[in-house]
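Asker: Prediction below, plus the sequence it came from.
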Amino acid sequence: MTISLNVNGISQTVEITDGNTPLLWVIRDLLDLKGTKFGCGKAACGACTLHIDGEAVRSCSYPVKLAKGKTITTIEGLGNEENPHPVQQAWMEEIVPQCGYCQPGFMMATAALLDKIPEPTDADIDRNIINVCRCGTYYRMRKAIHKAAELSKSIETVKSENDA
Amino acid sequence: MKKKQTWYALFLAFVIGLFAVANYSTDSEEYSPIPTAEIAKEETPFDKMMRVLTHERCVNCHPNDNIPKQGNDSHPHYFGMARGKANMGFEATKCTTCHQSENNAYSGVPGAPEWSLAPAQMYWEGLNRVEIATSMLDPERNGGRTPEETMHHLTEHELVLWAWNPGVDANGIPREKPPVSKEDYIKAVKQWFEEGHIIPSE
C-alpha cells in the first residue's frame, strides 16, 4: 500500500504492507521523527499526540491508511531551537520537563488547545489537556500553558502592528 | 397383638403415600417451567427491539448526565471526557482525538463513522423500555424525525449497526454484542414500525 501524506510541510510517500499500522510507527520508524513518543499504545496517555489537519490525535491509535492525503504536524514541525513555537518557548521558560518523555505529547495538545481557545482558563485546561505525566509536572505545565497564551498574544500584537 | 401392629403399620404407610402423591402433583402443576422455545415464540417485535436498545452498550452513548459511559458496567468515560458543545467532546480534545471511523484492533479503541454522543434530549439512561420507545417517537426528543425516519435511523445508521461489530478491547477481548442478531433486530424494528409502532403499557 502506498500512502502519500504531508509531514511538517514536506510531502512524503511511504510503502507499507499493513495499512492498519499505527501512524506513530510510520512517523518514528519510517520517517525517523523520534520526537513523538510511544506511551501506552491504548490512546490513553497522550505521549503520541500529534496534529492531523490541525486537530490533536493519538497517533498510536490512528491507522496510517486514514492519514492518506492529510497534513501531519509533529513536535519537530511545531518549531525549532532558533524559532520555537510559543508553547515550546513557554515550556523552556517555565522549565517544565522532568524526565521529558511525555512532554512532546503535552506540547502538541497545548498547541491544539491554544489554536481553539487562545486564552484558556484553568477549566479549559482541565477539560482539554488530559495527557498523563508520571513525573507529575502538571503544575508547571499549567503555568507554561498560560505563559504560552501570553506569548502567542504578544506575537499576534506585534504582527498586527507591523501589518498596520 | 401382632396382627393389630401389622394393620397399623400398613395404615400408616398408606397415609404417608397419599400425602406424597398429593404433594407431588401440586408441585408439578405449580412449578413446571415454560419451555424456552415457547418464550421465544411469544416475544413480540417490540420485545426484541427493546432487548437491543436497552443493552448497556447501547445506552452508554445516550447518557442523562452528558457523560459517556463505557463497558458493560457502564462506568463513566475515562479521562473526564464529556459531551462538549457539539456532542463530540471538548474544543481541542474531542471524540476523534482517540476514536476514528473504524475499530482499532491494536489499541482496542472502538470507532465508527460519526462517533459521538446522542444529543442530550435523546437520553435513555435511567428510562425503562416504554419510556425509551416514547422518547424515540417524540419529535421533540428524537431530532425532529418522523417515525419512518426513526426506523431508517435505527436500522441503517452505521453508528447504530456498529453494535454488531464492536471490535476488541484494550486487552484484545471481543466486546459483547447485543442479545439479538443484527438481522433479527432489523426485522423486528421494521415490523414494529409497519404494524403501527404501538408501545405496550407495562
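Answerer: That came in fine, so what should we check first?

Asker: Neighbours of residue 129, how many?
Answerer: Let's take chain A. 23 (other C-beta atoms under 10 Å in any protein chain shown). Where C-beta positions appear, they are placed from N, C-alpha and C, glycine not excepted.

Asker: Switch to chain B, please.
Answerer: For B:Arg129, the count of nearby residues is 18 (other C-beta under 10 Å).

Asker: Also the one 3 residues further on?
Answerer: As a burial measure, B:Ile132 scores 22 neighbours (other C-beta under 10 Å).

Asker: which residues touch it?
Answerer: Contacts for B:Ile132 (C-beta atoms under 8 Å, 6 or more residues apart in numbering or on different chains) come out as B:Met50, B:Leu53, B:Thr54, B:Trp124.

Asker: which stretch of helix or strand covers it?
Answerer: Taking DSSP states H and E as the definition, one finds B:Ile132 inside helix B:129-136.

Asker: in that helix, what's buried?
Answerer: For helix B:129-136, burial by neighbour count (16 or more other C-beta atoms under 10 Å in any protein chain shown) applies to B:Arg129, B:Ile132, B:Ala133, B:Ser135, B:Met136.

Asker: in the helix or strand that B:Gln191 is a member of, what counts as buried?
Answerer: Under the criterion of DSSP H and E, B:Gln191 resides in helix B:182-194. For helix B:182-194, burial by neighbour count (16+ other C-beta under 10 Å) applies to B:Asp184, B:Tyr185, B:Ile186, B:Lys187, B:Ala188, B:Val189, B:Lys190, B:Trp192, B:Phe193.

Asker: re the thing from before, in terms of distance to chain A, which of the buried residues of helix B:129-136 ranks first?
Answerer: In terms of C-beta to the nearest C-beta, no member of those lies closer to chain A than B:Ser135, at 28.3 Å.

Asker: Wait, the closest one touches B:Gly143, no?
Answerer: No. Applying C-beta atoms under 8 Å, one finds B:Ser135 not in contact with B:Gly143, separated by 10.9 Å.

Asker: contacting residues around B:Glu202?
Answerer: B:Glu202 neighbours (C-beta under 8 Å, 6+ apart): B:Asn128, B:Arg129, B:Val130.

Asker: how far is the helix ranked longest in chain A from where the chain is centred?
Answerer: Counting by DSSP state H, the longest helix found in chain A is helix A:138-163. On the basis of C-alpha atoms, centre = their mean, to the nearest Å, helix A:138-163 sits 16 Å off its chain's mean C-alpha point.

Asker: and that helix with chain B, contact?
Answerer: No. Helix A:138-163 stays clear of chain B (C-beta under 8 Å from any C-beta of the partner chain), getting no nearer than 11.2 Å.

Asker: mean confidence for that helix?
Answerer: Across helix A:138-163, pLDDT averages out at 91.

Asker: And it, what's buried?
Answerer: A:Tyr138, A:Arg140, A:Met141, A:Arg142, A:Ala144, A:Ile145, A:His146, A:Lys147, A:Ala148, A:Ala149, A:Leu151, A:Ser152.

Asker: And stretch B:74-91, by the same measure?
Answerer: Neighbour counts over stretch B:74-91 (16+ other C-beta under 10 Å) mark B:His77, B:Phe79, B:Met81, B:Ala82, B:Arg83, B:Gly84, B:Asn87, B:Met88, B:Gly89, B:Phe90, B:Glu91 as buried.

Asker: shouldn't the first one be in contact with B:Pro68?
Answerer: Yes. Judged on C-beta under 8 Å, B:His77 makes contact with B:Pro68 at a distance of 4.3 Å.

Asker: who's in contact with A:Ile145?
Answerer: Counted by C-beta under 8 Å, 6+ apart, A:Ile145 has contacts A:Val87, A:Ala90, A:Thr110, A:Leu113, A:Leu114, A:Pro120, A:Ile125, A:Ile129.

Asker: Likewise for B:Trp124?
Answerer: Taking C-beta under 8 Å, 6+ apart as the test, what B:Trp124 contacts is B:Leu53, B:Thr54, B:Cys58, B:Val59, B:His62, B:Asn64, B:Ala118, B:Ile132, B:Ser135.

Asker: could you flag which of these are buried?
Answerer: In the contacts of B:Trp124, burial by neighbour count holds for B:Leu53, B:Thr54, B:Cys58, B:Val59, B:His62, B:Ala118, B:Ile132, B:Ser135, counting by 16+ other C-beta under 10 Å.

Asker: gap between the third one and B:Glu183?
Answerer: Note on B:Cys58: its distance to B:Glu183, by C-beta to C-beta, to the nearest Å, is 17 Å.

Asker: Let me know the secondary structure of A:Ala123.
Answerer: helix (DSSP: H, G, I helix; E, B strand; the rest coil).

Asker: Which residues of chain B lie near chain A?
Answerer: B:78-82, B:90-94, B:96-98, B:100-102, B:104-109, B:170.
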